[in-house]
Structures are given as structure tokens and as C-alpha cells.
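Peer 1: sequence isn't available, so here's the structure alone:
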């Protein structure tokens with residue numbers, strides 16, 4: 001396997017608000033959410049703090065929780081063909097989910113790097129923050145304390161696409177489109193995760209959706225490194 005493709009763990013997380021019942025929040029947390037929501041309320045916005053909590057709390061690690069972590073790694077068969085093995089970790093109990101993820105990454109090579117789309121802004125810090133909230137010591141691959149920039153084992157396909165243009169945001173779906181990567185979109189999209197989780201109570205549906213994004217990120221990374229994408233038959237779930 002090419003050195004550029006070794007020891008990479010691709011991942012994507014799915015998050016929801018910490019509760020579907022705003023009234024169950026403590027008074028202290030309600031005050032903090034009111035302060036947070038004021039930053040993105042429009043002047044003529046008629047939405048209440050409760051409305052905004054249901055729509056947006058999952059974006060913020062202080063008010064949300066992780067319910068799914070999709071992971072994937074490149075493989076190579078006996079014929080030297082590149083493949084991809086993916087798996088979804090999911091649990092209603094966030095602490096158990098994060099402990100399972102920690103066990104997975106701690107079994108990997110010391111040289112393992114994490115890769116996600118917008119991972120440096122979202123997935124990696126969100127994982128780290130929720131681990132601390134759940135009193136789980138950070139695995140070395142997420143513990144950045146004292147590390148220099150070039151020592152941080154994190155890759156980000158969105159950052160690779162920026163080429164130094166720090167004001168530029170490009171979605172995974174758009175990049176998959178222009179690189180002719182099969183769509184990661186399934187029955188739902190990110191905006192529906194909270195509803196599917198709390199109203200439909202279908203965690204498996206969200207886990208399957210998450211794996212689509214993991215596959216898309218792994219395929220996008222190949223394109224960015226000048227390699228062809230992996231054939232569907234060589235992707236194993």
C-alpha cells in the first residue's frame with residue numbers, strides 16, 4: 001500500500017441535542033443556552049430558545065451529545081487491490097460509545113492519523129470535549145497538549161481543498177459531486193438526524209447514513225492524492 005494511504009482512520013460523527021425536552025434542562029443550562037442562541041438569532045426572529053435548542057443544540061458540544069461514530073480504514077487484498085473497511089459505532093449511552101471508540105483507537109498503530117471532512121473544526125474537538133465531559137481521559141491521537149502543529153496526527157479533506165484560503169467552506173457533498181464520487185446521501189441528511197433520533201427513534205438509520213459520509217471522505221482523500229477511487233465491491237461494512 002502506498003505510504004500516503006497507510007495508518008489513516010477515517011471518521012464521521014453524528015450528534016443530537018442532549019435532550020429532546022428543553023424543559024428538562026437545568027435552570028443554569030437554560031441561561032447558558034439563551035446566551036448562546038442570542039448570537040445566531042435574527043433581529044425579527046420569532047423562534048423561542050426552545051425552538052432553537054431543538055434545531056441547533058446538537059451542533060455544540062456543550063449542549064449536544066454524540067450518538068454515532070463511523071470509522072473506516074484502507075485495506076489491500078492478495079491481488080494488491082485497494083479496499084475500504086467501514087464500521088459504525090453507535091449507542092444511546094454516549095459514555096459507552098466514547099469508551100468503545102477510545103478502545104478502538106488505542107489498539108491502532110502509534111502512527112495512526114485521523115481524517116474527517118471539516119474534522120479540525122468539528123469532529124475532532126467535539127469528540128475531545130464530549131470525552132472530557134464524560135470523564136474519559138483523551139487517547140493520544142486526540143490529546144494535543146504540548147504538540148507542535150506538525151506533530152498533530154489529524155488530516156482534514158476540507159482543509160486540503162482550501163489551499164490556504166481560510167475563509168472558504170466547501171461541503172463534502174459538493175466535492176463528491178465535482179470529483180464524480182458516488183453520493184453519500186441516503187434516506188436522510190444531516191438536518192434530519194435530530195428528528196430521526198428523537199421522534200422516529202431509529203438509531204440504526206442514522207448509523208447507516210454516517211457510514212456513507214465515511215466512505216465519501218475516504219474516496220475524496222484518494223482523489224486528492226491522485227489515486228482512483230475504490231470499486232464498490234471492495235468496500236466492506
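Peer 2: The structure has been received and is ready for your questions. Predicted model only: the values in this text are computed from it and were never measured. Numbering: from 1, shown residues only.
Peer 1: neighbours around the closest residue to residue 4 other than its chain neighbours, how many?
Peer 2: Using C-beta to C-beta, 6 or more residues apart in numbering and skipping the chain neighbours, the partner closest in space to residue 4 is residue 225 (5.2 Å). Using the backbone N, CA and C atoms, a C-beta is placed for each residue, glycine as well. Counted with other C-beta atoms under 10 Å, residues neighbouring residue 225 total 11.
Peer 1: OK, contacts around residue 236?
Peer 2: Contacts for residue 236 (C-beta atoms under 8 Å, 6 or more residues apart in numbering) come out as 75, 83, 84, 85, 86.
Peer 1: which SS class is the fourth one?
Peer 2: Assigned with DSSP: H, G, I helix; E, B strand; the rest coil, residue 85 falls in the strand class.
Peer 1: is it in a bridge, and if so with what?
Peer 2: Note on residue 85: beta-bridge partners by DSSP bridges are residue 73, residue 236.
Peer 1: that one touches residue 72, doesn't it?
Peer 2: Yes. Applying C-beta atoms under 8 Å as the test, residue 85 and residue 72 come out as touching, 6.5 Å apart.
Peer 1: pull the contacting residues for the residue nearest to residue 4.
Peer 2: 2, 4, 5.
Peer 1: same question, residue 11
Peer 2: Residues in contact with residue 11 (C-beta under 8 Å, 6+ apart) are 69, 70, 71, 72, 114, 115, 116, 119, 123, 214.
Peer 1: so for stretch 139-157, mean pLDDT?
Peer 2: Stretch 139-157 shows a mean pLDDT of 91.
Peer 1: just to revisit the earlier point, which one of residue 85 and residue 72 has more residues nearby?
Peer 2: Between residue 85 and residue 72, residue 72 has the larger neighbour count (other C-beta under 10 Å), namely 25 against 14.
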